[in-house]
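Give me a 3D structure for the following:
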Amino acid sequence: MNNDYTKPEFKKLLQKLQEESWQLELLISGFAIFGLITALPYIIDSVNESENSQQIYSFVIYLVALISCSILIFNLLLHVLLRGLWIGALGLRYVSGDIDYDSLKYSPKFTKYLKKRVGSFDKYIGTLENYCSVIFAVSFLLIFYVLAITFTLLVITLIASQLIGNDDLPNWLSNGVGITLIVFLVFGMFFTLIDFVTLGFLKKKKWISKFYFPIYWVFSFITLSFLYRPLVYNFLDNKFGKRLSLALVPFYILITLIAFLKYNTSNYIDPDLRSSDYVANNNNYENLINKENGFIDNVAIQSKVVSDNYVKVFVLYTENIEDRIFNYYPDLKPEIDSRGLTSDIFNGNNFQSGHKKDSLRRIYLKTFNDIYSVKIDSITCDSDFILANSANGKLGFETYVSTKALEDGKHLLKVNRLRIRNGDTINLKVSTIPFWYYKD
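The predicted structure is shown next:
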């Protein structure tokens, strides 16, 4: 196939593909909707799990995937609905042709009004065709917009954490260069947004365009707009595509508002309240957590009703725990932090001596036990946390405390931690979990 776009043969081929593209649109939409709806529950669970585990990288990735899936599902369902209406209209036209207003025998007033407002049936079919084509194309363009926003925020975050927040760099580089880049990116993001919302206003004014061009050039790489720019300008030079793209914005806002709607049955009682001395949340009891998509809210014990002579206490591991351990015991902090996205090929820590790493791990665990403590009611319990997996396979710290001295009835298990701030050590509450103890 000759791909020389200047030749008439190529233009004829494009014309033919345009006329038959509706079949591919329906095929792609059907498979995409099925796959996205199937994957959506898993993505939602991953977002909740990564948020609960405070894994910022995973949370951002899954959140972007969730937003993209939601946009695609809405747009593709709308596309299939309109495309189905278009096919139905084509079938009806084959049977009855165009609308014959005279055969309806309406009054002249209504006949004149309907001819003006409803018009030709062929025009209606053409309008439906335009709607379907534009909605299908804009569905994937919106995903690029989501990625553009994500990459822009990611670049700002990386500069703030790796440049400004890096104590190993000289001050002129971390603050001078870092703050300058942040200011440029923030203002650049603001001007790019204005240009996008106003459909290219900053590109139209000669003196403003000279100032805006460097920003536009930089952000074309940050947002990867060079990949989809022809699609954008093809929308902007078409009034119908421009109007439809803007008309979809209120729908997205409405869907977002609907997604956050909920019905309150009480002014004081909320089913999502965290465990306390008067609330028992299922996310703090291992036997009530769904093993497939449930998650632990910081701390969990085996059940609400305990009849054993011990209470199993599990503290979920998060990256914040490691930060607290480094703050409490600075010598444990490695020169190169291997947390985050990494590869075993380039991870030098994997080649450390096994004995050395094991001894550091023991110090790490001892520091955790120094920071975290367990109480039942007001009595401090002997605890010795070790590394373990929970009943649903989550990594954390586990210990067992005795219940032999407890009386039958309700008790409160409290997990606290120490925090050093401004040279002072204070005791903070991590979790309070009610349970009922009854001997066998």
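
where do the helices sit along the stretch 1-150 of the chain?
8-52, 56-96, 101-104, 108-117, 121-159 (DSSP state H, counting those that start in this stretch).

ugh, wrong one, the stretch 301-440 of the chain
So, for the stretch 301-440 of the chain - with DSSP H, counting those that start in this stretch - the helices run 319-328, 354-371.

most tightly surrounded among the ones you listed?
Ranked by mean neighbour count under mean count of other CB atoms under 10 Å, the helices of the stretch 301-440 of the chain are led by helix 319-328, which reaches a mean of 16. Any C-beta I mention is one placed from the backbone N, CA and C, and that applies to glycine too.

send the alpha carbons of it over as CSV?
Only the C-alpha atoms of helix 319-328 are listed here, as CSV (Å, rounded to 0.1, in the frame of the first residue of the first chain):
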residue,chain,number,x,y,z
GLU,A,319,6.8,3.1,53.8
ASN,A,320,6.0,5.7,56.5
ILE,A,321,6.9,3.1,59.1
GLU,A,322,10.4,2.8,57.6
ASP,A,323,10.7,6.6,57.6
ARG,A,324,9.8,6.6,61.3
ILE,A,325,12.4,4.0,62.0
PHE,A,326,15.1,6.0,60.1
ASN,A,327,14.1,9.1,62.1
TYR,A,328,14.4,7.2,65.4
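
hmm, back to that, format the helices of the stretch 301-440 of the chain as CSV; extra columns: mean pLDDT and distance to Val138.
Below are those laid out as CSV (pLDDT from 0 to 100; distance: least, CB to CB, whole Å):
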stretch, mean pLDDT, distance to Val138
helix 319-328, 87, 38
helix 354-371, 85, 51
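
now those helices as TSV including distance to Tyr437?
TSV is the format used below for these (distance: least, CB to CB, whole Å):
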stretch	distance to Tyr437
helix 319-328	28
helix 354-371	24
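
Mind checking these for the one nearest to Thr111?
helix 319-328 (71.7 Å; CB to CB).

So, low pLDDT: which residues of the stretch 201-350 of the chain?
238, 241-242, 244-249, 252, 259, 290-294, 340-350 (pLDDT under 70).

try 80 this time
201, 205-206, 226-265, 271-272, 290-294, 335-350 (pLDDT under 80).

From what I see, Val47 and Phe59 are in contact.
Yes - counting by CB atoms under 8 Å, Val47 does reach Phe59; the two are 6.7 Å apart.

which SS class is the closest residue to Ser303 other than its chain neighbours?
In space, and not counting its chain neighbours, Ser303 is closest to Asn287: 4.6 Å by CB to CB, 6 or more residues apart in numbering. Recorded secondary structure, Asn287: helix (DSSP: H, G, I helix; E, B strand; the rest coil).

Count the neighbours of Asn287 for me.
12 (other CB atoms under 10 Å).

Same question for Lys210.
9.

Grab the nearest non-local neighbour of Tyr329.
Thr367 (4.5 Å).

so who does that neighbour touch?
The contact partners of Thr367, by CB atoms under 8 Å, 6 or more residues apart in numbering, come to 325, 328-329, 332.

Tell me the spacing between the residue nearest to Ser303 and Ala391.
8 Å (CB to CB, to the nearest Å).

sorry, back to before: can you say which of the helices of the stretch 301-440 of the chain is nearest to Pro108?
helix 319-328 (75.8 Å).

give me the number of residues near Ile194?
Ile194, neighbours per other CB under 10 Å, totals 12.

before we move on, what about Lys414?
Using other CB under 10 Å: Lys414 sits among 19 other residues.

And the closest residue to it other than its chain neighbours, how far from Ile386?
Using CB to CB, 6+ apart and skipping the chain neighbours, the partner closest in space to Lys414 is Lys375 (4.4 Å). Distance of Lys375 to Ile386, given as CB to CB: 19 Å.

One more: Asn320?
20 Å.

Next: Tyr372.
In terms of CB to CB, Tyr372 sits 12 Å off from Ile386.

Overlap of the contact sets of these two?
Phe397.

Which of these two has more residues huddled nearby?
Relative neighbour count places Tyr372 above the other of Tyr372 and Ile386, with 21 against 11, counting by other CB under 10 Å.

The more buried one is in contact with Val415, isn't it?
Yes - Tyr372 is in contact with Val415 according to CB under 8 Å; the separation is 6.5 Å.

shared neighbours, the two?
315, 430.

tell me which element the closest residue to Asn264 other than its chain neighbours is part of?
The shortest distance from Asn264 to any residue other than its chain neighbours is 7.9 Å, reached at Asp270 (CB to CB, 6+ apart). Here Asp270 is covered by no helix or strand, with elements defined by DSSP states H and E.

Hmm, the residue nearest to Ser303 is touching Val305, no?
No - using CB under 8 Å, Asn287 is not in contact with Val305, being 9.6 Å away.

contacting residues around Ile433?
275, 280, 284-285, 299-301, 412-415.

Quick check: bridge partners of it?
Ile433 has these beta-bridge partners by DSSP bridges: Leu413.

Next one, pLDDT for it please.
With respect to pLDDT, Ile433 scores 95.

ok so, going back, what's the local residue count around the residue nearest to Asn264?
Applying other CB under 10 Å, I find that Asp270 has 12 neighbouring residues.

do Leu413 as well
Neighbour tally, Leu413, other CB under 10 Å: 22.

Over to Ile289?
20.

Okay, buried residues for stretch 391-401 please.
By neighbour count, with 16 or more other CB atoms under 10 Å as the criterion, the buried positions of stretch 391-401 are 394, 396-401.

Do you have the strands of the stretch 201-350 of the chain handy? List them.
299-301, 305-306, 310-316 (DSSP state E, counting those that start in this stretch).

and of the ones you listed, who's closest to Tyr124?
strand 310-316 (58.0 Å).

which secondary structure elements does that closest one contact?
strand 299-301, strand 372-376, strand 395-402, strand 409-421 (3 or more CB pairs under 8 Å, 6 or more residues apart in numbering; DSSP states H and E).

Let me have the ones you listed in CSV, extended by distance to Ile363.
Formatted as CSV, the helices and strands packed on strand 310-316 follow (distance: least, CB to CB, whole Å):
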stretch, distance to Ile363
strand 299-301, 23
strand 372-376, 15
strand 395-402, 15
strand 409-421, 16
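
Of those strands, which is nearest Phe184?
When those are compared (using CB to CB), the closest one is strand 409-421, at 34.2 Å.

what angle do that closest one and helix 319-328 make?
Counting by axes from the mean of the first three to the mean of the last three CA atoms, to 10 degrees, strand 409-421 lies at 50 degrees to helix 319-328.

Tell me the helices and strands packed up against strand 409-421.
strand 310-316, helix 319-328, helix 354-371, strand 372-376, strand 424-437.

With that, I have no additional questions.
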